[in-house]
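1. build me a model from this:
(one chain, ligands or ions: 1)
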Amino acid sequence: MRRKLIAANWKMHLLPVGARALIHRIREEIDRDAAMLAKDRDVLIAPPAILIPAVAEALAGSSILLGAQNMHCEDKGAFTGEVSAPMLHAYGVTHVIVGHSERRHIFHETDELINKKVLAALHHRMTPILCVGETHAEHDSGRALDVILGQLQRGLENVVDHHVTAVVIAYEPVWAIGTGHVATPEQAESVHGAIRGAILERYGRERADAVRILYGGSVNDENVDSLVCKPDIDGALVGGASLKADSFARIVKARTR
Ligand code: PGA
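-> The predicted structure is shown next:
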């Protein structure tokens, strides 16, 4: 049985005071159900890098995991403005989002660079959340699966058999991110099935069954149940709706079957 993962991607939002208040409110909503939730799901919050120390402090004593939205692939060096895996690790960060569509499209990150970040995260025993997904044009022209499976294959280059289960995949159709146009559960499930199929082909049944595949793109408190009920959808990567305590808490408590 794969555990579900509900992950918040705060993107470039909030200041320290607001971040602490949001964590406080989320904890008010979910701490009392923590033991029950912990049976079958993990919860993760990925704040902007500079807020990681404040969020780490606000999460003390909670089972909510701490993630980063990005990192550099080298441990240290002359890379002005960048943050490395050891730096994140020092603050208790266990997961890092890699290859988010905003990194790919706005910051021109390539599959090659994204792959280096995946390998660096694994090297430091952090869980990379490798994002893949097609644009609107790619979707409309029927090339979605080619794009997604290509990104997956290149993102996992040189990831050895016994490391692949430490990777989380996030399927995030670009046309669904921040648009309110969520993929239907059937659309998402079919892509998740194809992703799992590709992992099966390369890594075998046991490992394919263990890898978690999240859906992201306009997930909210109203559509989350129908998505995470699907057998191949192992959770959600949530942007906009993760910035409101009540909606994020409701998403965390999603019905999963
Ligand atoms: P959204 O963002 O939930 O606001 O669509 C998801 C994401 O970009 O991870």
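2. neighbours around Tyr215, how many?
-> 32 (other Cβ atoms under 10 Å). Heads up, the C-betas are built off the backbone N, CA and C, glycines and all.
3. bridged to it, which residues?
-> Here Tyr215 shows beta-bridge partners Tyr171, Ala236, assigned using DSSP bridges.
4. any idea how far the ligand is from it?
-> 10 Å (Cβ to the nearest ligand atom, to the nearest Å).
5. pretty sure Ala241 contacts Asp221?
-> Yes: taking contacts as Cβ atoms under 8 Å, Ala241 lies within contact range of Asp221: 6.5 Å.
6. tell me the residues of the stretch 51-200 of the chain that contact the ligand?
-> 172, 177-178 (Cβ under 6 Å from any ligand atom).
7. for the chain, which segments count as strands?
-> 4-9, 41-46, 65-68, 95-98, 127-132, 168-171, 212-216, 235-238 (DSSP state E).
8. now the residues of the stretch 51-200 of the chain next to the ligand: which count as buried?
-> 172, 177 (16 or more other Cβ atoms under 10 Å).
9. residue in the stretch 151-257 of the chain with the shortest distance to the ligand?
-> Gly239 (2.3 Å; Cβ to the nearest ligand atom).
10. tell me how many other residues surround that residue.
-> Count around Gly239 with other Cβ under 10 Å applied: 20.
11. next one: the one 3 residues further on
-> Using other Cβ under 10 Å as the criterion, Ser242 is surrounded by 27 other residues.
12. got the contact list for it?
-> 8-10, 45, 248, 251 (Cβ atoms under 8 Å, 6 or more residues apart in numbering).
13. save the residues you listed as TSV, and put in distance to Gln187 too.
-> TSV is the format used below for those (distance: Cβ to Cβ, whole Å):
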residue	distance to Gln187
Ala8	23
Asn9	21
Trp10	26
Ile45	27
Phe248	24
Ile251	19
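14. near the ligand too, which of these?
-> Within these, those near the ligand by Cβ under 6 Å from any ligand atom are Asn9.
15. so who does Leu119 touch?
-> 73, 158-159.
16. quick one on the thing from earlier: what touches both of Ala241 and Asp221?
-> In terms of Cβ under 8 Å, 6+ apart, Ala241 and Asp221 are both contacted by the residues 247, 251.
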